[in-house]
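Student: sharing a model that was predicted from the sequence below.
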Amino acid sequence: MNRINHLFQIKYPIVQAGMIWCSGWELASAVSNAGGLGLIGSGSMYPDVLKTQIQKCKEATDKPFGVNVPLLYPNIEAHIKTIIEQKVPIVFTSAGNPKTWTSILKAEGIKVVHVVSNVKFALKSAEAGVDAIVAEGFEAGGHNGREETTTLCLIPMVRKAIGIPLIAAGGIATGSAMAAMFCLGADGVQVGSKFVATFESSAHQNFKERIIHTPEGDTQLTLKELTPVRLIKNEFYVKIEAAYQAGASKEQLNELLGRGRAKKGMFEGDLIEGELEIGQVSGLIKEIVPAAQVVEEMVQEFEEVVGNKTAWI
Ligand code: NDP
């Protein structure tokens, strides 16, 4: 039996990434109802908002779902308290030290997964006692590693380093990409961008439309001096480029970024001044569809590709 399906008690080893401003209870419950694992992205939610979102998710699905907690979040203790009180069965932590919260969550019977972008942190996560790891490559949207290791290189390296269940992320939006990840040693996949362009995602319609009109090469990993982030090369990105050309300091970059740009872009739909976090695979995404269709099509394509494998060579 697939280890990710067994760990989370789900039908398909497809995890929907917990993404700020894009993944509320509507998306998480739709993915869980379709047989994958839906995650509420708590990084953009005040603690009372997270509580309501968890409660609505429980009403919308009787299947397992989880919460993603970026460890950079300012009120992290409040989020952890809410998660424990609400008896959320699964937590994905990201952007921080896996040792801080893993044992506390596990003592409550919660399954813990940590997101990493390199082998060093994969080892650190395994030592911290996580149940599984998400290894996310350079292609991914949003916050990302500084090393620029692509998913193709990262997954086999992490697989060699750790024995616990491994979920591949970064550039995965199709069943064939999922099959490729299994060939490289992954037990499951995490999908972000493709789920942003769904009916149930809480992203603004302008952002969803922009994603399906994003050609290959139109995203960039930038702001490594702050928190590295992959975003669409819109007018705000052009300003970042100009600042780099002018030799901007870290403080000046911070000032340019300001506060709340991710909300402005992804939630309020300001395509000019907002931060539009999406992965390279957006170049493959051509329509906005229901979340269940994403899961179904991935599984179908995976089965077709794997079934045909004897004809490959
Ligand atoms: P900013 O500092 O620019 O803005 C904070 C935003 O978060 C505001 O829009 C605010 O909403 C909202 N927010 C939600 N809860 C709180 C809180 N307790 N205190 C302050 N603000 C809160 O940060 P970003 O928008 O860049 O990032 C927000 C969070 O999301 C961070 O924790 C960050 O680590 C995480 N993040 C995770 C990513 C990922 O890929 N996992 C990607 C990018 C960010 P309002 O305007 O309504 O007050």
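Tutor: Nice, thanks for sending it over. Residues are numbered from 1 along each chain as shown.
Student: show me what contacts Leu226?
Tutor: Leu226 sits next to 250, 253-254, 257 when contact means Cβ atoms under 8 Å, 6 or more residues apart in numbering. The C-beta positions use only the backbone N, C-alpha and C, and glycine is treated the same way.
Student: again, but for Lys194
Tutor: 173, 281, 285, 294.
Student: and the last one, how close does it get to the ligand?
Tutor: Note on Val294: its distance to the ligand, by Cβ to the nearest ligand atom, to the nearest Å, is 19 Å.
Student: that residue: what secondary structure?
Tutor: Secondary structure, DSSP: H, G, I helix; E, B strand; the rest coil: Val294 is helix.
Student: what parts of the stretch 101-250 of the chain come near the ligand?
Tutor: Where the stretch 101-250 of the chain comes near the ligand, counting by Cβ under 6 Å from any ligand atom, the residues are 142-143.
Student: show me the shaky parts of the stretch 101-250 of the chain.
Tutor: Residue ranges of the stretch 101-250 of the chain with pLDDT under 70: none are present.
Student: just the strands in it please.
Tutor: Listed in chain order, the strands of the stretch 101-250 of the chain (DSSP state E, counting those that start in this stretch) span 111-116, 132-136, 142-143, 166-169, 188-191, 219-222, 229-232.
Student: tell me the contacts of Gly274?
Tutor: By Cβ under 8 Å, 6+ apart, Gly274 lies in contact with 234, 236, 261-266, 268.
Student: and the contacts of Leu226, which is closest to the ligand?
Tutor: Of all the contacts of Leu226, Leu257 has the smallest distance to the ligand: 7.0 Å, by Cβ to the nearest ligand atom.
Student: correct me if wrong: the closest one contacts Thr222.
Tutor: No. Using Cβ atoms under 8 Å, Leu257 is not in contact with Thr222, being 10.3 Å away.
Student: need the max-distance pair from the contacts of Lys194.
Tutor: Using Cβ to Cβ, the pair of the contacts of Lys194 lying farthest apart is Val281 and Val294, separated by 12.2 Å.
Student: rewinding a little: among the strands of the stretch 101-250 of the chain, which is nearest Cys153?
Tutor: Checking the strands of the stretch 101-250 of the chain against Cys153 by Cβ to Cβ gives strand 132-136 as the closest, at 10.4 Å.
Student: how about Val31, what does it touch?
Tutor: Residues in contact with Val31 (Cβ under 8 Å, 6+ apart) are 14, 16, 37-38, 65, 195, 291-292, 294-295.
Student: show me those residues that map onto helices.
Tutor: Using DSSP state H, the subset of the contacts of Val31 located in helices is 195, 291-292, 294-295.
Student: list buried residues within these.
Tutor: Buried by 16 or more other Cβ atoms under 10 Å: 195, 291-292, 294-295, out of the ones in helices among the contacts of Val31.
Student: closest one of those residues to the ligand?
Tutor: For those, the nearest to the ligand is Phe195 (13.2 Å; Cβ to the nearest ligand atom).
Student: confidence score at the closest residue in space to Asn5 that isn't next to it in sequence?
Tutor: Excluding its sequence neighbours, the residue lying closest to Asn5 (Cβ to Cβ, 6 or more residues apart in numbering) is Pro13, at 5.5 Å. For Pro13, the pLDDT comes out at 98.
Student: over to Ala311?
Tutor: We have a pLDDT of 69 for Ala311.
Student: and Ala135, how far from Val119?
Tutor: Using Cβ to Cβ, to the nearest Å, Ala135 is found at 9 Å from Val119.
Student: so what sits against both of these two?
Tutor: Common neighbours of Ala135 and Val119, using Cβ under 8 Å, 6+ apart, are 154, 158.
Student: those two: who's more crowded?
Tutor: Ala135 (33 against 18; other Cβ atoms under 10 Å).
Student: next step: the contacts of Gly274 restricted to helices.
Tutor: Here DSSP H is the test, and the contacts of Gly274 give 236, 261-262 as lying in helices.
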